[in-house]
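Colleague: coords please:
(one chain, ligands or ions: 1)
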Amino acid sequence: MISEGAQSNQILASLPAYARAAKRSLPIDQVAYFLSGAGCETTMRRNTDDLGRVTIKPRSLCPPKNGSTKVSLLGMNMDVPILIAPMAYQGMLHKDGEVGLAAATAAQGCGMIVSAQASHPMETIVRQAPDASWMQVYWQVTREATLAFAQRAADAGYKALVLTIDAPVNGVRDAEIEAAFTLPDGVNAVNLTDIPSPNFEPLRPDESMLFDRIAHVLPDWEDLAWLCANAPLPVLLKGILNPKDAGLAADAGAAGVIVSNHGGRVLDGAPSTISVLPDIAAAVGGRLPLLMDSGIRRGVDVFRALALGADAVLVGRPVCHGLHIAGALGASHVLRLLRDELEVAMTLAGCATIADITRDFVQLPSEATF
Ligand SMILES: Cc1cc2nc3c(=O)[nH]c(=O)nc-3n(C[C@H](O)[C@H](O)[C@H](O)COP(=O)(O)O)c2cc1C
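Modeller: Down below sits the predicted model:
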């Protein structure tokens, strides 16, 4: 059954209050799907723990005259450098689904990256936030199929394509398996129904499903360069954790890099994103917009990421909490709380604008403890 949401349509006091309420209200298998991580959840925990260990060092007596959180990112004018992360099947959380998230995006002057596995047609979603929507895609078996998806997104009005590269296979998601998670009736990836799937011969006894089969349909850096050269939209790469890969992405013609470990849902044991961000920022050297996600829970986390080199952040699960509790209104309120908290952090730290938030305002834990 598609969730009607928590049915309260109630605005809650804080970001943690939304998180607690959503966890209480969601069915157990959907808690597993939306809120758990891969394996022992080491990486998922590291994301938030490591963010908390970045110390913010305020400057005193700096009134935020002409203060603003506005930025421009790849031609998109935003009131605050926050985008909703692409997340599959939002229709499970609330009937508003991705259409509600897009309405929240427009209401708060944020950006949104729509998942290829969205539960509403991409053309319907983008109408709610026509100037602020990018489309996410996984590699679709062939170059042509991936390009056709990009063309559909461009025709619909999306302004950029985000190719997710960190999940060639699903992570080991114990919680989902234990809770026997399945998609409820009425929720599916409606934008992928016409996409060709690989046509494999039956598996031979000496063949491995992962190594021999799936490896043949996954992209490499040449495919990426081809996509960047041929796609009708700028292409950002989502899922970079290594400075060398950030450099390769720039060389291949990517329009931006998103440092992400998928919120700890894929490779358990991977580093937290905040811990690798400074080296990746150094490797990118301002050549490309640099975004980061995984673990952003409060306005101070946005501040920390910006100080360590991100131009903007993506927010995942907190938006799920808001959507589930109060539909588009709840998602919008979560974004507003993040923005308000960022404004408070900037004022207290002595930064009037986003450009003022520099490396000087934060201190990292020593390498040994990070
Ligand atoms: C339920 C769920 C579904 C997701 N689906 C996708 C997806 O379809 N495509 C994608 O690139 N990332 C997907 N992600 C990863 C998010 O885009 C993002 O990287 C992650 O949620 C950020 O971490 P956070 O939830 O700690 O903010 C998903 C994450 C969650 C929690």
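
Colleague: Show the low-confidence segments of the protein, by residue range.
Modeller: 1-8, 367-370 (pLDDT under 70).

Colleague: would you list every one of the helices in it?
Modeller: For the chain, helices defined by DSSP state H occupy the ranges 15-25, 28-35, 42-52, 97-108, 122-126, 143-156, 174-178, 221-230, 243-251, 273-284, 299-307, 317-349.

Colleague: Run the contact check for the fourth one versus the ligand.
Modeller: No: interface with the ligand: helix 97-108 contributes nothing (Cβ under 6 Å from any ligand atom), its closest point being 10.7 Å away. For every residue, glycine as well, the C-beta is placed using N, CA and C.

Colleague: all numbers from here: first residue = 457
Modeller: Shifting the count to begin at 457 puts that one at helix 553-564.

Colleague: Can I get that helix in PDB? Just the C-alpha atoms.
Modeller: C-alpha atoms of helix 553-564 as PDB (Å, rounded to 0.1, in the frame of the first residue of the first chain):
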ATOM      1  CA  GLY A 553       6.400  11.800  -3.500                       C
ATOM      2  CA  GLU A 554       8.900  13.500  -5.700                       C
ATOM      3  CA  VAL A 555       6.300  16.000  -6.900                       C
ATOM      4  CA  GLY A 556       6.000  17.200  -3.300                       C
ATOM      5  CA  LEU A 557       9.800  17.400  -3.000                       C
ATOM      6  CA  ALA A 558      10.000  19.500  -6.200                       C
ATOM      7  CA  ALA A 559       7.300  21.900  -4.700                       C
ATOM      8  CA  ALA A 560       9.400  22.100  -1.500                       C
ATOM      9  CA  THR A 561      12.500  22.800  -3.600                       C
ATOM     10  CA  ALA A 562      10.900  25.700  -5.400                       C
ATOM     11  CA  ALA A 563       9.400  27.100  -2.200                       C
ATOM     12  CA  GLN A 564      12.700  27.200  -0.400                       C
END
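
Colleague: Just give me how far it sits from the chain centre.
Modeller: 15 Å (Cα atoms, centre = their mean, to the nearest Å).

Colleague: what's the angle between that helix and helix 773-805?
Modeller: Inter-element angle recorded for helix 553-564 and helix 773-805: 20 degrees (by axes from the mean of the first three to the mean of the last three Cα atoms, to 10 degrees).

Colleague: Does anything pack onto helix 553-564? Which helices or strands?
Modeller: strand 538-540, strand 567-570, helix 578-582, helix 773-805 (3 or more Cβ pairs under 8 Å, 6 or more residues apart in numbering; DSSP states H and E).

Colleague: again, only this time at 6 Å
Modeller: strand 567-570, helix 578-582, helix 773-805 (3 or more Cβ pairs under 6 Å, 6 or more residues apart in numbering; DSSP states H and E).

Colleague: Kindly compare burial across the ones you listed and name the winner.
Modeller: strand 567-570 (a mean of 28; mean count of other Cβ atoms under 10 Å).

Colleague: All set, thanks.
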